[in-house]
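Colleague: for reference, the sequence and a predicted model appear below.
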Amino acid sequence: MTIFQMEKFRFKIIDGKYIKDTKEFTLEQSIPEIIVLIYQEYYKVKNLRLEREEREKTIRRRTRAKKRKITK
């Protein structure tokens, strides 16, 4: 007789948060919470990217201004 063991699944987010299957609570029941976590992480990553791009843009502007001063 073969006994199958059900594997537990875990949905892990970037900063270490996770939601996992338990006997009392399945991932299917957690879909609304998972969607909220995905959007929260999306906005964190998006804001970090926008901040990085703004810093890079400022550096490029300063570099171009310095080059213009040198060539004048």
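Modeller: Sure thing, it's come through. Residues are numbered from 1 along each chain as shown.

Colleague: sketch out the strands for this protein, chain order is fine.
Modeller: Applying DSSP state E to the chain gives strands spanning 10-12, 18-20.

Colleague: average pLDDT for stretch 32-48?
Modeller: Across stretch 32-48, the average pLDDT comes to 89.

Colleague: what residues does that stretch touch?
Modeller: For stretch 32-48, contacts defined as C-beta atoms under 8 Å, 6 or more residues apart in numbering pick out 11, 13-15, 17, 19, 27. Every C-beta, even on glycine, is put in place using the N, C-alpha and C of the backbone.

Colleague: quick one: distance of it to the chain centre.
Modeller: 6 Å (C-alpha atoms, centre = their mean, to the nearest Å).

Colleague: next: stretch 11-26.
Modeller: That offset, for stretch 11-26, works out to 16 Å (C-alpha atoms, centre = their mean).

Colleague: what residues sit buried inside it?
Modeller: Within stretch 11-26, the residues that qualify as buried are 11, 19, 21, counting by 16 or more other C-beta atoms under 10 Å.

Colleague: from the residues you listed, which is closest to Glu51?
Modeller: Nearest to Glu51 among those: Phe11, at 26.9 Å, using C-beta to C-beta.

Colleague: before we move on, the earlier item: farthest pair in the contacts of stretch 32-48?
Modeller: Longest span within these, C-beta to C-beta: Asp15 and Leu27, 19.1 Å.

Colleague: ok so, going back, may I see the contacts of stretch 32-48 organised as TSV, with pLDDT and distance to Leu50 added?
Modeller: Supplementary listing: the contacts of stretch 32-48 in TSV, determined by pLDDT from 0 to 100; distance: C-beta to C-beta, whole Å:
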residue	pLDDT	distance to Leu50
Phe11	70	26
Ile13	71	20
Ile14	66	17
Asp15	71	18
Lys17	73	22
Ile19	78	27
Leu27	79	31
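
Colleague: quick one: which of those is nearest to Lys69?
Modeller: Nearest to Lys69 among those, counting by C-beta to C-beta, is Ile14 at 42.0 Å.
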